[in-house]
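1. Sharing a sequence plus its predicted fold:
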Amino acid sequence: MDIIVNNLQKGFGGAPVIKDVSLTVKEGERVAIIGPNGSGKTTLLRLLNLMIFPDQGSIELAGKKVNGLGVKEARTVRRGIATIYQSHNLIPRFKVINNVLAGKLGSWPTSKALFSLLIKPLEEAGVREVLEKTELEDKIYWRTDRLSGGQQQRVAIARALFQNPNLLLADEPFASLDPRSGEKLIRILLGWSQQKNKTLIVTLHHLEFALAHFPRIIALKNGMVFFDLPTGQVTPEHLQQLYGDSYQGV
Ligand SMILES: Nc1ncnc2c1ncn2[C@@H]1O[C@H](COP(=O)(O)OP(=O)(O)OP(=O)(O)O)[C@@H](O)[C@H]1O
Ligand SMILES: [Mg+2]
């Protein structure tokens with residue numbers, strides 16, 4: 001999915017937290033968004049997935065302006081976008097399989113969705129496939145709240161892949177994963193994007209991950225794009241200026 005963002009501004013009553021953001025992301029690109037706490041990363045992702053709408057500026061997704069869309073049209077656009085949130089938004093009492101299936105509920109007719117939820121989960125084979133990728137196939141019928149935090153995060157990643165979106169947004173998806181799991185899952189997301197030519201945008205505090213795996217880095221600071229560079233051009237000085245005294249080096 002191509003993304004064109006122009007002069008975006010968003011506040012929540014007080015001063016704007018996204019001040020003036022413009023960027024273009026091409027279909028199939030893999031981008032890491034970095035920046036200090038509160039710099040606006042999550043807010044930018046929520047603008048891109050139409051959970052919130054900008055105060056000023058415009059967003060174009062796949063050639064379509066999405067600012068002023070009505071509820072129904074916005075829902076249709078959202079179906080093509082999967083988001084993995086910082087807090088992973090799973091339903092704790094649900095079995096893993098039902099949480100993964102939730103990725104497609106929005107595009108299923110109500111009767112199918114209800115049958116799958118209440119009577120018998122549908123598309124089990126597809127769910128098994130994504131759970132194999134995230135190494136959770138043996139937990140498919142477990143209650144989600146019995147899993148560890150990192151395992152739940154992997155369920156959220158499986159759900160996003162199962163949705164088969166055109167744009168995948170992930171907000172700190174590896175925060176609760178151990179290094180080996182994080183490394184593996186980042187390869188799965190990157191491989192998915194590369195093979196299917198789908199756009200992947202991931203916010204990351206883990207700079208080593210960002211620099212090692214993503215071809216392009218966008219840094220936000222105080223609600224503005226601080227730099228937007230091919231990874232090879234990002235220098236320690238850039239990172240030092242971005243994080244200030246808290247920067248320890250990678
Ligand atoms: N719903 C909201 N209401 C009021 N303020 C908000 C809301 N959402 C975000 N903010 C404010 O916007 C600023 C940017 O928040 P955001 O969550 O986008 O930062 P972030 O870059 O994702 O930070 P982190 O690295 O901690 O996840 C913060 O100062 C935050 O308090
Ligand atoms: Mg955030």
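-> All right, it came through fine. Ligands and ions are numbered 1, 2, ... in the order given.

2. what are the ranges of the helices in this protein?
-> 41-48, 71-79, 96-105, 110-118, 124-133, 149-163, 179-196, 207-213, 236-243 (DSSP state H).

3. Which of those helices sits closest to ligand 1?
-> helix 41-48 (3.3 Å; Cβ to the nearest ligand atom). From N, CA and C alone the C-beta is placed, and that goes for glycine too.

4. what distance separates that closest one from the middle of the whole chain?
-> Centre-to-centre, helix 41-48 and its host chain are 9 Å apart (Cα atoms, centre = their mean, to the nearest Å).

5. Same check on stretch 129-137?
-> The answer for stretch 129-137 is 19 Å, by Cα atoms, centre = their mean.

6. do the same with stretch 95-112
-> 19 Å.

7. Please apply the same query to stretch 200-207.
-> Worked out by Cα atoms, centre = their mean, stretch 200-207 lies 9 Å from the chain centre.

8. got the end-to-end distance for that stretch?
-> 17 Å (Cα to Cα, to the nearest Å).

9. Buried residues of it, list them for me.
-> 200-204, 206-207 (16 or more other Cβ atoms under 10 Å).

10. now do stretch 54-66
-> Buried residues in stretch 54-66 (16+ other Cβ under 10 Å): 54, 57, 59, 61, 66.

11. Residues in contact with it: which ones?
-> With contacts defined as Cβ atoms under 8 Å, 6 or more residues apart in numbering, stretch 54-66 is touched by 1-11, 16, 18, 20-22, 47-48, 50, 67, 74, 77, 80-81, 166-167.

12. Weed out the non-buried ones from those.
-> The buried subset of the contacts of stretch 54-66 (16+ other Cβ under 10 Å) comprises 1-5, 8-10, 16, 18, 21, 47-48, 50, 77, 80-81, 166-167.
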